[in-house]
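Student: Quick one: sequence and predicted model below, then my questions.
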Amino acid sequence: MVKIIDKRKINTQIPAVSILNQAIPVLKKKNFAGIRNIILYDEDRRKGKKALGTYYPLSPTRADIKIYFNWYYNLPDELKNSDTYLMFAVIKILLHEIYHHIVHGQDRLKTPDPEQEEKDADRWADGGARYVFDCLFTNKDYKKEFKRIRNLIKKYKEKASVDSVPQLVMHKKQNDKKNE
Ligand SMILES: [Zn+2]
């Protein structure tokens, strides 16, 4: 069983532990095989990095996943106030890193290069997060909220203020490095 460790001291507004505890049971167990801990941090403290999450290999088959939360402060209030968006964002970050685990820790998927891997990880994570919502909520009103969130992100993107926050559409991350 994957252990969730919450090391946040500042960015605690998002109920991430409860979100993960809801999401993980509806996802395929085999995708988590080899994952030891999911660790929640205020921020990515590696020099020159500001990832949303990190895949952290412990051995060829085992790994930790780290999720960072300082993007919360860059959010426009409309997104800060959307529980749907916050939940989607946390699940998407988790699944993005799980995708790296499937490629590097489980060898079940292949990608041609790191750049393509980032795109594939995002697409896979986006679909997976939608799947979790589908499983958890019989009321499908969240789909309307997804649409509203997408439009909000588009609007704020034009003002270049939401580049480093989790996206609800497929996006290309700048500065991608393997295993991020
Ligand atoms: Zn990545």
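Tutor: Right, received. Where do you want to start? Owing to the predicted nature of the structure, the values given are computational and were not obtained by experimental measurement.
Student: distance of residue 38 from the ion?
Tutor: For residue 38, the distance to the ion equals 15 Å [C-beta to the ion, to the nearest Å]. C-beta: built from backbone N, CA, C; applies to glycine.
Student: now residue 129
Tutor: According to C-beta to the ion, residue 129 and the ion sit 15 Å apart.
Student: likewise residue 35?
Tutor: Residue 35 is 15 Å from the ion, where distance means C-beta to the ion.
Student: That residue touches residue 94, doesn't it?
Tutor: No: taking contact to mean C-beta atoms under 8 Å, the distance of 9.8 Å between residue 35 and residue 94 leaves them out of contact.
Student: ok, these two, which is more surrounded?
Tutor: Between residue 35 and residue 94, counted using other C-beta atoms under 10 Å, the more crowded position is residue 94 (28 against 23).
Student: rewinding a little: shared neighbours, residue 35 and residue 94?
Tutor: By C-beta atoms under 8 Å, 6 or more residues apart in numbering, residue 35 and residue 94 have these common neighbours: residue 65.
Student: Low-confidence bits of the chain, can you list those?
Tutor: 160-165, 168-180 (pLDDT under 70).
Student: Next, the contact list for the residue nearest the centre of it, please.
Tutor: With the centre of the chain defined as its mean C-alpha position, the nearest residue by C-alpha atoms, centre = their mean is residue 93, 0.7 Å away. Remark: with contacts taken as C-beta under 8 Å, 6+ apart, residue 93 is in contact with 52-53, 67, 125, 166.
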